[in-house]
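Undergrad: Okay, predicted coordinates and the sequence, questions at the end:
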Amino acid sequence: MNFLLLLLRACLRASRRAGAAVALGGSGLAMGLAALPAAAQTPVKMVLNWKYEGAQSWFFLAQDKGYFKAEGLDVSFDQGEGSAASVPKVAAGAYQAGFGDINALIDLASKRPDNAPVGVFMLYNTPPFALVVRADSPIRVPADLEGKTVGGPANDGALKLFPAFARIAKVDASKVTITNMAPNLREQMLSRGQIDAGFGYVTTVSFSARGMGLDPARDLRFIRYGDHGMDLYANTIFFSRSFVKDNPKAVLGFVRALNRAIKEVIANPDAGIDALMKREPLLKRDVEKDKLLATLKNDMSHPEIARIGLGDVDDARLRKNIEIVAEANQLPRAPGVREVFDRSFLPARAERLSATTAP
């Protein structure tokens with residue numbers, strides 16, 4: 001009796017005692033993985049761009065469906081305080097990963113290249129940055145901001161980019177008064193006339209206004225940065241430089257799991273909202289679903305994804321993006337494209353979406 005047969009009989013006896021099945025592969029013996037010790041999970045602590053909302057639902061779906069766990073990852077999420085705020089938190093080592101504004105990342109990469117995180121999956125490929133005014137406001141073009149008061153949360157991405165916008169749009173920034181407020185007060189202060197304009201993302205402002213009973217299409221107007229020569233990328237998934245170096249397989253697995261969840265949420269938005277509502281049951285489900293769909297339309301719909309796929313960047317466009325931010329903000333240097341974004345962790349082009357239109 002050969003050794004393989006003896007081993008097979010021993011396994012069968014063990015499986016009967018345990019009440020488990022032993023699976024036999026076409027080439028020989030397959031041992032049940034459940035009988036083996038659980039593999040160690042690499043912890044990944046991630047800070048998001050904002051409070052839990054519909055446009056983050058793919059993160060939660062990937063967690064709930066075990067996609068991260070299947071990649072050997074133990075992923076946890078913390079709510080954020082603005083798209084620019086997540087970058088320094090990852091750079092400081094408080095988190096391994098973040099979701100936030102690549103332009104804040106460019107700024108840090110210019111000043112502290114050894115500490116700056118690295119983008120690995122571009123989500124917001126259409127510039128969402130804007131100035132919002134009341135529909136009856138005399139502010140019609142960027143130059144009309146001179147002599148006015150503009151407000152926004154301190155960590156708002158549009159506010160951080162205003163020096164760049166002012167230079168490109170020929171606005172004398174020294175004649176614009178900037179004020180900060182808590183994020184939940186921006187739309188209130190605008191509607192009451194306490195500020196003349198506000199900084200923000202189009203989708204975020206629109207839904208905050210809806211929560212106050214305003215109709216964004218009727219009551220507000222947006223001056224979008226992208227309409228004035230700033231075709232910039234916005235929010236990306238990024239990891240700390242040290243984590244990328246020490247755990248490349250973990251980064252690869254995270255991106256693979258997230259890409260899978262993004263495709264599922266776009267195909268079935270309700271599944272993503274289900275995952276969100278488990279975490280914040282007091283949110284209004286219909287509003288968060290609308291916010292998700294609006295994000296896909298407004299922030300993730302750049303024509304380039306038909307060519308390069310969701311998640312990637314166009315090198316020439318990102319290079320121009322970097323140059324705009326570096327020049328306008330008088331940064332010490334313009335970082336290279338590879339310093340800011342590393343596409344080597346992306347799934348194959350065929351596995352990534354060519355459009356983000358939800359059903």
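TA: Nice, I can see it. The model shown is predicted, which means the values in this text are computed figures rather than measured ones.

Undergrad: ok, and for stretch 261-273, which residues are buried?
TA: Residues of stretch 261-273 classed as buried by neighbour count (16 or more other CB atoms under 10 Å): 261-266, 269, 271-273. Yep, even glycine has a C-beta here, placed from its N, CA and C like the rest.

Undergrad: And for stretch 131-149?
TA: Within stretch 131-149, the residues that qualify as buried by neighbour count (16+ other CB under 10 Å) are 131-134, 137, 139, 142, 144-145, 148-149.

Undergrad: Closest one to Thr204 out of those, please.
TA: Proximity to Thr204 was ranked across those by CB to CB; first place goes to Val132, at 9.9 Å.

Undergrad: Tell me the pLDDT of the residue most central in space within the chain.
TA: With distances taken as CA atoms, centre = their mean, the chain has Phe99 as the residue nearest its mean C-alpha position (4.1 Å). Per-residue confidence at Phe99 stands at 98 (pLDDT).

Undergrad: cool, the one 4 residues further on as well?
TA: If you check Asn103, the pLDDT there is 95.

Undergrad: ok, back up a step: the residue nearest to the centre of the chain contacts Val87, correct?
TA: No - in this structure, Phe99 sits apart from Val87 without contact. The criterion is CB atoms under 8 Å, and the distance is 10.1 Å.

Undergrad: Could you tell me which residues touch both of the two?
TA: A shared contact of Phe99 and Val87, defined by CB atoms under 8 Å, 6 or more residues apart in numbering, is any residue touching both; here these are Phe238.

Undergrad: Could you tell me the end-to-end distance of stretch 139-157?
TA: From its first residue to its last, stretch 139-157 covers 21 Å (CA to CA, to the nearest Å).

Undergrad: any residues touching stretch 171-189, and which ones?
TA: Residues from elsewhere that reach stretch 171-189, judged by CB under 8 Å, 6+ apart: 82, 142-143, 145-154, 156, 159, 162-163, 165-167, 195, 198-200, 205, 208-209, 212, 214.

Undergrad: Stretch 76-84 too?
TA: Residues lying outside stretch 76-84 but in contact with it, judged by CB under 8 Å, 6+ apart, are 43-52, 59-60, 63, 86, 95, 98-101, 103-104, 153-157, 160, 183, 201, 234-235.

Undergrad: what's the most distant pair in the buried residues of stretch 261-273?
TA: Every pair in these was compared (CB to CB); the two farthest apart turn out to be Lys263 and Ile273, at 15.9 Å.

Undergrad: Go through the buried residues of stretch 261-273 and say which is closest to Asn125.
TA: If you rank the buried residues of stretch 261-273 by distance to Asn125 using CB to CB, Ile262 comes first, at 12.8 Å.

Undergrad: Just to check, that closest one is in contact with Pro347?
TA: No - shown here, Ile262 and Pro347 do not form a contact pair, counting by CB under 8 Å, at 10.5 Å.
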